[in-house]
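Q: build the 3D model from these lines:
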Amino acid sequence: MTDSSLSVGVIGVGSMGQHHARVYSELANADLIGVSDVDPDRAEQIATEYGTDALSMDELIGAVDAVSIAVPTEYHYEVARKCIENGVSILVEKPFVSDVEEGEELIELAEQHGVQIQVGHIERFNPAVEALEEIVPHLEVTAVDARRLGPDPDREIDDSVVSDLMIHDVDIVLSLIDSDIDSIQTAGTAEGRYATSTLTFVDDTISSLTASRQTQQKVRELTITADDRYVKVDYLDQSIEIHRQSAPEFITDDGSMKYRHESIVEHPVVENIEPLKNELQSFLEAVAEDNTPPVSGTDGLEAVKIIQEIDEQAFSTEGPNETVQ
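A: Numbering: from 1, shown residues only. Take a look at the predicted model:
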């Protein structure tokens, strides 16, 4: 803890919230005051592990400057509202909310109370994505495609594969493509465990997204097709490959003509940092400096609007269809 550290806590210390507690306990500008959970034994376990206290939610809210909210999505609004009304800035795990109107209300409430909302789209803080954000402005992008695949996890997940997995890539695509969505076409199967969606933007950029909890290999990748190169991002190993074709050459060798057309692959240097540490550090800085966070409540709400439309198309009883925005 330092003189400039913020008092922080975590509400909900399940599979994701426990890592928020861990990272806060490691950050020099954070003083982890406590954790809270509906399961008191779980709260005590995590508090003991990271040298803090297990508190009731009301006790925690009354003692901190900022909290991470990692409870199930259906409780985001209730918990977030209580924090905001008590002057506490919040980082809410994705999806931001389950109801768009509630999200709009929280954003307005945060402005009234002078606190910050950051939404936990952790892939924005993957070092490979941060490096990609420096590359994309120099490209004439034709398409952005993403695959987020894997087997069913051991833990129970209430959200569909769209809300749980595809939302990451929806957020990334919205941050990379500077254009509005013109139409969405989606299909889903396997009882909510597999979905694919194509987003067409006003500027004619296309984005194809696939999410699966029924694939027996973990894949987390994003690719960009541009006029003069192909960029591939691997979220798991935090790497970027840039593929380009060199200009064709005709070479004379002993009177004969030879043709050569080589492929060039560049590997930009990507700093290896835990994305969650990046995310929580950015949140603390936004709160301390009273700045809009890198992934604001408005950003999180835009992602919710899109994934709700995708979810409805993918898993409605009427089957796949298309929506024009």
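Q: ranges for the helices of the stretch 151-300 of the chain?
A: 161, 167-176, 275-289, 297-315 (DSSP state H, counting those that start in this stretch).
Q: the ones you listed: which one's closest to Met57?
A: helix 275-289 (19.2 Å; C-beta to C-beta). C-betas here are computed from N, CA, C, even on glycine.
Q: which stretches in the stretch 1-150 of the chain count as helices?
A: Using DSSP H, counting those that start in this stretch, helices in the stretch 1-150 of the chain cover 17-26, 40-49, 57-61, 76-85, 100-113, 127-135.
Q: distance between stretch 20-33 and the chain's centre?
A: Using C-alpha atoms, centre = their mean, to the nearest Å, the mean C-alpha position of stretch 20-33 is found 21 Å from that of the whole chain.
Q: first-to-last residue distance for it?
A: Distance across stretch 20-33, first residue to last, is 13 Å (C-alpha to C-alpha, to the nearest Å).
Q: how about low-confidence regions in the chain?
A: Residues of the chain meeting the criterion pLDDT under 70: 1-3, 155, 246-262, 317-325.
Q: can you rerun that using 90?
A: 1-4, 152-160, 190-192, 245-264, 272, 315-325 (pLDDT under 90).
Q: OK, contacts around the residue nearest the centre of it?
A: The chain has His121 as the residue nearest its centroid, 2.4 Å off, counting by C-alpha atoms, centre = their mean. Neighbouring residues of His121 by C-beta atoms under 8 Å, 6 or more residues apart in numbering: 94, 167-168, 171-172, 295, 299-300, 303.
Q: then Gln118?
A: Neighbour list for Gln118: 89-92, 279, 282-283, 286, 293-297 [criterion: C-beta under 8 Å, 6+ apart].
Q: tell me how far the closest residue in space to it that isn't next to it in sequence lies from Ser197.
A: Once flanking residues are discounted, Gln118 sits nearest to Pro293: 3.6 Å by C-beta to C-beta, 6 or more residues apart in numbering. Distance, Pro293 to Ser197, using C-beta to C-beta, to the nearest Å: 27 Å.
Q: so which of the helices of the stretch 151-300 of the chain is the most packed in?
A: helix 161 (a mean of 27; mean count of other C-beta atoms under 10 Å).
Q: what's around Val71, how many residues?
A: When neighbours are defined as other C-beta atoms under 10 Å, Val71 has 22 of them.
Q: one more: Pro40?
A: A count of neighbours around Pro40, defined by other C-beta under 10 Å, yields 11.
Q: the closest residue in space to it that isn't next to it in sequence bridge partners, please.
A: Distances taken as C-beta to C-beta, 6+ apart put Ala54 closest to Pro40, at 6.8 Å, once the chain neighbours are dropped. Counting by DSSP bridges, Ala54 is bridged to Val35.
Q: okay, now Ala54: neighbour count?
A: Applying other C-beta under 10 Å, I find that Ala54 has 20 neighbouring residues.
Q: these two touch, right, it and Leu32?
A: No. Between Ala54 and Leu32 there is no contact under C-beta atoms under 8 Å: 11.8 Å.
Q: before we move on, back to that, separation between the residue nearest to the centre of the chain and Ser68?
A: Counting by C-beta to C-beta, the gap from His121 to Ser68 is 13 Å.
Q: again, but for His19
A: 10 Å.
Q: compare those two (neighbour count), which wins?
A: Set His19 next to Ser68 and count neighbours by other C-beta under 10 Å: Ser68 wins out with 28 against 19.
Q: show me what that one bridges to in the sheet.
A: For Ser68, the beta-bridge partners under DSSP bridges are Val10, Leu91.
Q: from what I can see it touches Val88, true?
A: No. The pair Ser68 and Val88 fails to qualify as a contact (C-beta under 8 Å) at a distance of 10.9 Å.
Q: quick check: neighbours shared by the two?
A: Common neighbours of Ser68 and Val88 (C-beta under 8 Å, 6+ apart) do not exist.
Q: based on its surroundings, how many neighbours for the spatially closest residue to Ser282 that is not a sequence neighbour?
A: Excluding its sequence neighbours, the residue lying closest to Ser282 (C-beta to C-beta, 6+ apart) is Pro294, at 5.2 Å. Look at Pro294: counted by other C-beta under 10 Å, it has 19 neighbours.
Q: and what of Ser212?
A: 23.
Q: how about Asp178?
A: Per other C-beta under 10 Å, the neighbour tally for Asp178 reads 12.
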